[in-house]
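> need a structure here:
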Amino acid sequence: MPIISGFISKHTGRWLSLQHEEARAGIKQMLQGNIRFEGHFNKCFDNLKESQQKELIGWVKDCSEGKIGPIQSKNKRELIGFVKRFGSSLRAILTKEKKGYYIALFLDKHKYYEQEMDVLGF
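Alright, predicted model coming up:
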């Protein structure tokens with residue numbers, strides 16, 4: 001059985017399609033914290049194409065490395081967020097304390113994304 005590292009098989013060198021449990025574990029490890037997964041994360045992640053799964057994982061990594069510029073919450077000054085669009089209907093929001101830990105990764109359809117953006121003040 002191949003060893004998985006960063007969602008790439010060391011045995012074959014190919015990208016592996018993930019299920020939401022594996023993605024959650026990898027994202028938690030990447031962000032080094034007890035992050036919450038919100039929206040319909042499980043269902044939406046499982047329905048993403050392999051390329052979109054890879055894009056989401058890469059985006060989270062880029063956010064954690066400071067390569068993506070955050071947006072500031074209008075309601076909570078200590079809260080920043082990162083927003084990603086997948087196709088025409090899916091959206092992701094990664095929230096973080098300004099000088100602290102990552103809080104949540106939201107993944108859902110556009111309709112629920114709009115509601116979440118309002119609640120968070122983005």
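
> quickly find the element holding Lys96.
In this structure, Lys96 sits in strand 90-97 according to DSSP states H and E.

> packing partners for the very next helix or strand once past that strand?
Next helix or strand after strand 90-97 toward the C-terminus (DSSP H and E): strand 102-109. Helices and strands touching strand 102-109, by 3 or more C-beta pairs under 8 Å, 6 or more residues apart in numbering; DSSP states H and E, are strand 36-39, helix 41-47, helix 50-64, strand 90-97, helix 110-120. For the C-beta atoms, the positions are set from N, CA and C on the backbone; glycine is no exception.

> try it again with 10 Å
helix 20-31, strand 36-39, helix 41-47, helix 50-64, strand 79-86, strand 90-97, helix 110-120 (3 or more C-beta pairs under 10 Å, 6 or more residues apart in numbering; DSSP states H and E).

> following the chain onward from the fourth one, which element is next?
Yep, that's helix 50-64 we're talking about. strand 71-72.

> and that next one, how far out from the chain middle?
Put simply, strand 71-72 sits 16 Å off its chain's centre (C-alpha atoms, centre = their mean, to the nearest Å).
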